[in-house]
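1. The following block contains a protein sequence and its predicted model.
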Amino acid sequence: MRLARDVAIAEDLVQDAMLRAWRHFDRFQPGTNCKAWLFRIMLNCWTTRHQQIRQEAIQFFPEQYAENSDGERRPPTRFTAEEIQNSIDLLNEEYRTVLLLFAVEGFSCKEIAEILGIPIGTVMSRLSRARTMVKSDLSKREARYMKAKARL
């Protein structure tokens, strides 16, 4: 879901990946990480479809902080899951994929390297940069909130 950013596309992606895994199950090597193998297939399906989906991808760019039901603004240091997801959505696909595989799916850097077919150092670098970019974006959002609060 986080990769496709659309429920229907994500469902299609999972179905495509499972179908491809079923057709090519003879290529699975017993004793290896089945979850990583399935994620690699899913990422291959995603790459294949990505050019078509790119134009339709949903992106959220909140213009300002919303008020809660009491009409009060949220504390500036607290971010909702949506705000964090919005920051993650701003990352390019390489960084976003590594961050989601690590933070959401719980893969180790070594497993991510195997899934993506890249060196572990590249995974670690992308993960570090992704975290830095998300923190930077959240800091900017916090600064905008504080500036808006000061005007009130």
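-> Nice, thanks for sending it over. Numbers count the residues shown, from 1 in each chain.
2. Can you spell out the domain ranges of this protein, please?
-> 1-58, 72-152 (automatic domain parsing).
3. so which of those domains is the most packed in?
-> domain 72-152 (a mean of 15; mean count of other Cβ atoms under 10 Å). Glycine gets a C-beta too; all of them are placed from N, C-alpha and C.
4. can I get the domains of the chain in TSV with mean pLDDT?
-> Output for the domains of the chain, formatted as TSV (pLDDT from 0 to 100):
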stretch	mean pLDDT
domain 1-58	77
domain 72-152	83
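5. who's in contact with residue 79?
-> Applying Cβ atoms under 8 Å, 6 or more residues apart in numbering, we find residue 79 in contact with 138, 141.
6. let's see it at 10 Å
-> The contact partners of residue 79, taken as Cβ atoms under 10 Å, 6 or more residues apart in numbering, are 65, 85, 86, 87, 138, 141, 142, 145.
7. Mind telling me what element it is part of?
-> Residue 79 is part of no helix or strand when elements are defined by DSSP states H and E.
8. And it, how close does it get to residue 102?
-> Distance of residue 79 to residue 102, computed by Cβ to Cβ, to the nearest Å: 19 Å.
9. now residue 45
-> Counting by Cβ to Cβ - residue 45 and residue 102 are separated by 20 Å.
10. Identify the farthest-apart pair in the contacts of residue 79.
-> By the measure Cβ to Cβ, 85 and 145 form the most distant pair in the contacts of residue 79, at 17.3 Å.
11. Look up how far residue 83 lies from the closest residue to residue 90 other than its chain neighbours.
-> Among residues not flanking residue 90 along the chain, residue 137 sits closest, at 6.0 Å (Cβ to Cβ, 6 or more residues apart in numbering). The spacing between residue 137 and residue 83, counted by Cβ to Cβ, is 9 Å.
12. And for residue 28?
-> On the measure of Cβ to Cβ, residue 28 and residue 83 end up 39 Å apart.
13. Can you list phi and psi of residue 91 for me?
-> phi -70, psi 150 (degrees, to the nearest 10).
14. Helices along this structure, start to end?
-> For the chain, helices defined by DSSP state H occupy the ranges 7-23, 34-54, 81-89, 93-103, 109-116, 120-151.
15. what would those helices look like in a markdown table with distance to residue 1?
-> Converted to a markdown table, these look like this (distance: least, Cβ to Cβ, whole Å):
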| stretch | distance to residue 1 |
| --- | --- |
| helix 7-23 | 4 |
| helix 34-54 | 12 |
| helix 81-89 | 10 |
| helix 93-103 | 10 |
| helix 109-116 | 17 |
| helix 120-151 | 18 |
